[in-house]
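[1] based on what follows, work out the 3D shape:
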Amino acid sequence: MSRIGRLPIDIPSGVDVNVDGRDITVKGPRGTLALTVAAPIDVAIEDGRVLVTRPNDERASRSLHGLTRTLIANNIQGVTQGYTKGLEVVGTGYRVQARGANVEFALGFSHPVLVEPPAGITFTVEGNNRLTVSGIDKQAVGETAANIRKIRKPEPYKGKGVRYAGEVVRRKAGKSGK
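    Alright, predicted model coming up:
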């Protein structure tokens, strides 16, 4: 049995979980998230807990069991606490500025790069080299942060670029003179 999949998920107060066939809707103080469960997995609500079960021990059922439970738990955490991902801009002349809901990066290109937040995502700029991506959908927050990092990845010689908060960039030795 899946060690993660068999654990029940407690539903905190203020959160409403509805199961309608394969569709699960989670409503909370921060918003609403929806999820569609894959075919062999069953979801039920009993005694204020969400239970995820699988019908058999086939490979597909086993692989989806823990995944489904984790996705539901992530949705519940998202509508109660939300998710954040921090980014740091490192490099001489590299900076980030808020432009309304959008953010503008100066990353050594010949032009500034303007990034618009997707639906449900908010940007917070702290200083001129820190950015926080926040929202209720864990996948959307992570994908947005990865797309921003992709604009200018940290390079291994000086470490310049956009990196996750706390990310350690492996440095290489440069050219050695005679």
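[2] give me the number of residues near the nearest residue to Ile9 once chain neighbours are set aside?
    Closest residue to Ile9 apart from its sequence neighbours, by C-beta to C-beta, 6 or more residues apart in numbering: Val50 at 4.2 Å. Bear in mind the C-beta positions are built from the backbone N, C-alpha and C, glycine included. Neighbours of Val50 under the rule other C-beta atoms under 10 Å: 20.
[3] list the residues that contact Val50.
    Counting by C-beta atoms under 8 Å, 6 or more residues apart in numbering, Val50 touches 8-9, 11, 17, 43-44, 72, 76.
[4] partners of it in the sheet?
    Taking DSSP bridges as the rule, Val50 bridges to Ile9, Ile45.
[5] do Glu126 as well
    Going by DSSP bridges, Glu126 forms beta bridges with Arg130.
[6] pull the longest strand from the protein.
    Of all segments of type strand in the chain, defined using DSSP state E, the longest is strand 83-90.
[7] pairing partners for that strand, with directions?
    strand 130-135 (antiparallel), strand 161-164 (antiparallel).
[8] out of those, which gets nearest to Thr122?
    Nearest to Thr122 among these is strand 130-135 (5.4 Å), distances taken as C-beta to C-beta.
[9] low pLDDT regions in the chain?
    Filtered on pLDDT under 70, the chain yields the residue ranges 1-2, 177-178.
[10] quick check: buried residues in the helix ranked longest in it?
    The single longest helix within the chain, with elements called by DSSP state H, is helix 59-80. Buried residues in helix 59-80, counting neighbours by 16 or more other C-beta atoms under 10 Å, are found at 61-62, 64-80.
[11] the residue nearest to Asn56 when sequence neighbours are not counted: what's it in contact with?
    Excluding the flanking residues, the one nearest Asn56 by C-beta to C-beta, 6+ apart is Pro40, at 7.4 Å. By C-beta under 8 Å, 6+ apart, the contact set of Pro40 is 54-56, 58, 60-61, 64.
[12] what of Gly142?
    Neighbour list for Gly142: 83, 85 [criterion: C-beta under 8 Å, 6+ apart].
[13] that one in helix, strand or coil?
    Per DSSP: H, G, I helix; E, B strand; the rest coil, the secondary structure class of Gly142 is helix.
[14] next one: it from Gly78, what distance?
    In this view, Gly142 and Gly78 are 12 Å apart by C-beta to C-beta, to the nearest Å.
[15] ditto for Val125
    Relative to Gly78, and taking C-beta to C-beta, Val125 is found at 22 Å.
[16] could the strands paired with strand 83-90 go into a markdown table alongside distance to Thr92 and mean neighbour count?
    Below are those laid out as a markdown table (distance: least, C-beta to C-beta, whole Å; neighbours: other C-beta atoms under 10 Å):
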| stretch | distance to Thr92 | mean neighbour count |
| --- | --- | --- |
| strand 130-135 | 16 | 20 |
| strand 161-164 | 12 | 20 |
